[in-house]
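Participant: need the 3D shape of this:
(chains A, B, C and D)
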There are 2 protein chains.
Amino acid sequence: MAETADARWANRSSLLAVLLAGGQHSRAGLTQQTGLSAATVSRVVEGLLDEGLVREGAVLQTGRRGRQGVVIEVAAERGVAVGVDLGGTTCRFLATDLLGHSPRYREEPTPRHLAADDLADWLAERVRALYADSAAPDVLRAGVIGLPGAVAADGLGVRGATNLPQIEGELFTRRVRRALDGTVAFGNDADLALEGELRHGAARTADTAVMFTVGAGFGAGVAVDRHVRGGPTGLVGEFGFLPVDSEDHTVEELVGAEGLMRAARDAGLDVDTAADLFVDSSPAARAVIDRFERALGVALIAVTIAYEPELVVLGGRVSASIDAAMTTRLRERVRRRLPACPELVHSELADLAGALGAVSRGLSALRVRFDVAPDAAAAVRADLELSALLSPAGTTR
Amino acid sequence: MAETADARWANRSSLLAVLLAGGQHSRAGLTQQTGLSAATVSRVVEGLLDEGLVREGAVLQTGRRGRQGVVIEVAAERGVAVGVDLGGTTCRFLATDLLGHSPRYREEPTPRHLAADDLADWLAERVRALYADSAAPDVLRAGVIGLPGAVAADGLGVRGATNLPQIEGELFTRRVRRALDGTVAFGNDADLALEGELRHGAARTADTAVMFTVGAGFGAGVAVDRHVRGGPTGLVGEFGFLPVDSEDHTVEELVGAEGLMRAARDAGLDVDTAADLFVDSSPAARAVIDRFERALGVALIAVTIAYEPELVVLGGRVSASIDAAMTTRLRERVRRRLPACPELVHSELADLAGALGAVSRGLSALRVRFDVAPDAAAAVRADLELSALLSPAGTTR
DNA sequence: TGAAAATATTTCAGAGTGAGAGCAAATTAG
DNA sequence: CTAATTTGCTCTCACTCTGAAATATTTTCA
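Facilitator: Purely as a prediction, here's the structure:
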């Protein structure tokens, strides 16, 4: 412990962290970025060149006089990260290289009729195909798969996957993991969506943030100190279970699309989608929406008390129906009761948040496998090439 | 950054961390405890001897054959930590040396009629007296003062101190701090009570824990990864604000002693203390207690969802009335709705939790000032000499 | 063309570590 | 009582790694 060798490793870590965040860096630039001496940077870079983890690229055209620096570029093809968002209806895949570049995105309907085994094989096959895109001989691979259920801290046990019951337990996850030689990890889809927003979306600058996912049901992801928390059994953030009145109605029943539709039916309303309810001005519809707003307000109060987040990101299908007037009313509702209230913003990454978050985690795992210190690996702010994805053509919206 | 000198500092840190945790250690023992080489331990100890931070004590009688080791003991008189729990009615003081030994405890009625200035002077005078007990020439002092209100992250702004209104704002805290030359920090009393239970009480072994303080009002402290969290404005954990029914009753109204007494009066009951309500078997009293239990259940559900703690510690005056039957019912209530439920246990430190937590934080601050790495400083599990305090004679119970 | 400036490498002294030798002090065995 | 053994501590030495400074290299500017 605490040998002198640690220093070298620490320096290599912080240097690699800078390189893996992307951008053009010469050795001189790295000297500035890392605060190390020029000599040390030269030596560490030499080591990385020997490892084949970086290579010298073009000379850096600065326009200033003096000798030009040589760009040190990461051998990005040495790693592949695959992020998957396995939803109840759609499955999204996103693969990138070690730098988060050359994204390849695809989506398919989830074959929800398949049993656990077959679904696992179906998924593994597609991930393997994305892995295979990189032809380099010694590629490290890391896949992260978001599931519509709570994932235990061990990363295998799945619970509460009402949308895709066959993935419950450890059968599905174990089979996927084995089929992919242990290169994959699992996470909760809401947590990964928050991870995405946290690194590349609306919560980019937030330290502590919560994401409400309002879809068929209601879920929340929680990030404290830029670290998404799931809890030992993955229960953390499941504010859908929170009771909101004396009759034991829960947030999920009043806020989720399923609950909304049931309430609409009970009120004799004839609507096809939850979104229709929000634009229906009949008293019956307004009553349902009022209860929606009340319940969402309770959830907002609860998370404000629990974490005092700077930001609550609204995501999920139904969240699109939450307009500015309603967010204003929600914040007022909180402010009437509490001395502070988080910002309320809509998701920036929409459908892609989950897959992006999954890739981000995969990239972190890759960095660690390339022997970057875990803290540094998680702190890297990679500049993924998202523009192509988020342009109108790239997404399904 | 990352010079070789860091290694020496890191080694000094981990060695000091072992020494400050207490116990008898020879150089050989330290070699084992720290994992460092014998040579390094000798060198670091030599440095500490030069600093005057440690000294050689008696020879260690092991009974084994071979040369006897010399005990390296911390110059505990080099630091004084004072913890204060400034309550609405009682103010408790606890002072220890750098090792958490030679505790001096006293309590006085809080002079709640004094204005901010005078109260600050009153408090500072008493803390100064405790500081003065150590006659060593170069003593470092650290005081931590628990206040019955939310303390902002900057450690100065106080809010929601309904029990002791004159400490609101920054006037009181600034004056105390200046009177004590900046050697003091402030914290929320519920947070510090949890800190105490976390380090020396019921939550000793827990990683993530919550403490409910059920007194006149209702507050909660939150510790995640053995780290008590307050939030930017100190709002974190104020689950008293949580609404529990459609009529907007809050947890505080239904659970705090004040709310209980009001409800009792409204129900035409003639009781003197909240405790009486719990042993009253009349239907009216039972109804009040039922609502108490329901609201506490909602708070328990909320914290379980928010943090999934291993443990919820029950503290505060009213918590004594919560018997085993009620905790069992509460846990059943949670389990009916959630897939997991924390343990529910009573505080072990009772009235002293706050002062103990405050001293613990003071000790941490002292360690940091002696240049121990903050992480290591916080992780030290000092063995305070509590037996004298917790024995029947030591407390007010 | 030469001066100035920026990048990169090499050299060197200094700081620090661990292994192992060596010394000191205790117990045990004969 | 003496020698062997064991344990604690220190000293020496080889090694790693760093940053400062000198040097080489390459570019722009006057």
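
Participant: what's near enough to touch the residue nearest the centre of chain A?
Facilitator: The C-alpha lying nearest the average C-alpha coordinate of chain A belongs to A:Gly357 (CA atoms, centre = their mean; 2.1 Å). Contacts for A:Gly357 (CB atoms under 8 Å, 6 or more residues apart in numbering or on different chains) come out as A:Gly83, A:Gly146, A:Gly187, A:Asp191, A:Leu192, A:Ala193, A:Leu194, A:Glu195, A:Gly196, A:Glu197, A:Leu198, A:Arg199. C-beta: built from backbone N, CA, C; applies to glycine.

Participant: now do A:Gly256
Facilitator: Contacts of A:Gly256 by CB under 8 Å, 6+ apart are A:Val214, A:Gly215, A:Ala216, A:Gly217, A:Phe218, A:Gly240, A:Val318.

Participant: nearest residue to it other than its sequence neighbours?
Facilitator: A:Gly217 (4.2 Å; CB to CB, 6 or more residues apart in numbering or on different chains).

Participant: re earlier: of the contacts of A:Gly357, closest to chain B?
Facilitator: A:Asp191 (13.1 Å; CB to the nearest CB).

Participant: what about the host helix or strand of the closest one and chain B, any contact?
Facilitator: For A:Asp191, the host element (DSSP states H and E) is helix A:189-200. No. Using CB under 8 Å from any CB of the partner chain, we find that helix A:189-200 stays clear of chain B, coming within 13.0 Å at best.

Participant: helix or strand right after that helix?
Facilitator: Using DSSP H and E, the first helix or strand after helix A:189-200 is strand A:209-214.

Participant: and A:Ile72, helix, strand or coil?
Facilitator: strand (DSSP: H, G, I helix; E, B strand; the rest coil).

Participant: then A:Val298?
Facilitator: Once three-state DSSP is applied, A:Val298 turns out helix.

Participant: how many other residues sit next to it?
Facilitator: For A:Val298, the neighbour count with other CB atoms under 10 Å in any protein chain shown is 25.

Participant: tell me where chain A has strands.
Facilitator: Taking DSSP state E, the strands of chain A run over residues A:54-59, A:70-74, A:79-86, A:90-97, A:104-109, A:140-147, A:150-151, A:158-159, A:184-188, A:209-214, A:218-224, A:227-229, A:311-315, A:343-346.

Participant: how about a markdown table for these, with mean pLDDT and distance to B:Leu254 added?
Facilitator: Shown next, in a markdown table, are the strands of chain A (pLDDT from 0 to 100; distance: least, CB to CB, whole Å):
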| stretch | mean pLDDT | distance to B:Leu254 |
| --- | --- | --- |
| strand A:54-59 | 91 | 62 |
| strand A:70-74 | 94 | 58 |
| strand A:79-86 | 97 | 41 |
| strand A:90-97 | 96 | 44 |
| strand A:104-109 | 95 | 48 |
| strand A:140-147 | 97 | 38 |
| strand A:150-151 | 96 | 30 |
| strand A:158-159 | 96 | 31 |
| strand A:184-188 | 97 | 33 |
| strand A:209-214 | 96 | 26 |
| strand A:218-224 | 95 | 25 |
| strand A:227-229 | 97 | 29 |
| strand A:311-315 | 97 | 26 |
| strand A:343-346 | 98 | 28 |
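
Participant: looking at those, which is nearest to B:Asp351?
Facilitator: The minimum distance between B:Asp351 and these falls on strand A:218-224, with 30.9 Å, by CB to CB.

Participant: which residue packs closest to A:Pro103, ignoring adjacent ones?
Facilitator: A:Thr96 (5.1 Å).

Participant: identify the residues contacting the one you found.
Facilitator: Contacts of A:Thr96 by CB under 8 Å, 6+ apart are A:Val80, A:Ala81, A:Ser102, A:Pro103, A:Arg104, A:Val359, A:Leu363, A:Leu384, A:Glu385.

Participant: how close does the fifth one get to A:Val359?
Facilitator: If you measure A:Arg104 against A:Val359 using CB to CB, to the nearest Å, the figure is 11 Å.

Participant: ok, A:Gly201 - contacts?
Facilitator: Contacts of A:Gly201 by CB under 8 Å, 6+ apart are A:Val313, A:Ser347, A:Glu348, A:Leu349, A:Ala353, A:Leu356.

Participant: circling back: between the contacts of A:Thr96, which is nearest chain B?
Facilitator: The closest of those, once distances to chain B are taken by CB to the nearest CB, is A:Leu363, at 23.9 Å.

Participant: can you check the pLDDT for that closest one?
Facilitator: If you check A:Leu363, the pLDDT there is 97.

Participant: hang on, A:Val244 packs against A:Leu254?
Facilitator: Yes. Contact criterion CB atoms under 8 Å: A:Val244 and A:Leu254 qualify, at 6.5 Å.

Participant: what sits in contact with each of these two?
Facilitator: A:Arg294, A:Ala295.

Participant: what residues are up against A:Gly79?
Facilitator: A:Asp97, A:Leu98, A:Val139, A:Leu140, A:Arg141, A:Ala142, A:Leu363, A:Leu366, A:Arg369, A:Phe370.

Participant: repeat for A:Met211
Facilitator: Counting by CB under 8 Å, 6+ apart, A:Met211 has contacts A:190, A:193-194, A:197, A:203, A:220-221, A:223, A:312-315, A:347.

Participant: of those, closest to DNA strand C?
Facilitator: A:Ala203 (34.8 Å; CB to the nearest atom of the strand).

Participant: nearest residue to the closest one in space, please, no chain neighbours.
Facilitator: A:Ala209 (4.1 Å).

Participant: quick one: which of the contacts of A:Thr96 is most hemmed in?
Facilitator: Most surrounded of the contacts of A:Thr96: other CB under 10 Å gives A:Val359, at 33 neighbours.

Participant: show the pLDDT at it.
Facilitator: In this model, A:Val359 carries a pLDDT of 97.

Participant: hang on, it packs against A:Ala81?
Facilitator: Yes. Applying CB under 8 Å, one finds A:Val359 in contact with A:Ala81, separated by 5.2 Å.

Participant: overlap in contacts of the two?
Facilitator: With CB under 8 Å, 6+ apart as the test, A:Val359 and A:Ala81 both reach A:Ala95, A:Thr96, A:Gly100, A:Val144.

Participant: now the stretch 251-397 of chain A against DNA strand D: closest residue?
Facilitator: Closest point on the stretch 251-397 of chain A to DNA strand D, by CB to the nearest atom of the strand, is A:Asp371, at 12.8 Å.

Participant: if I look at that residue, how far off is A:Gly47?
Facilitator: Counting by CB to CB - A:Asp371 and A:Gly47 are separated by 11 Å.

Participant: give the burial count for A:Ala129, as a bare number.
Facilitator: 14.

Participant: hang on, the earlier thing: tell me the one of the contacts of A:Gly256 nearest B:Thr327?
Facilitator: A:Gly240 (25.5 Å).
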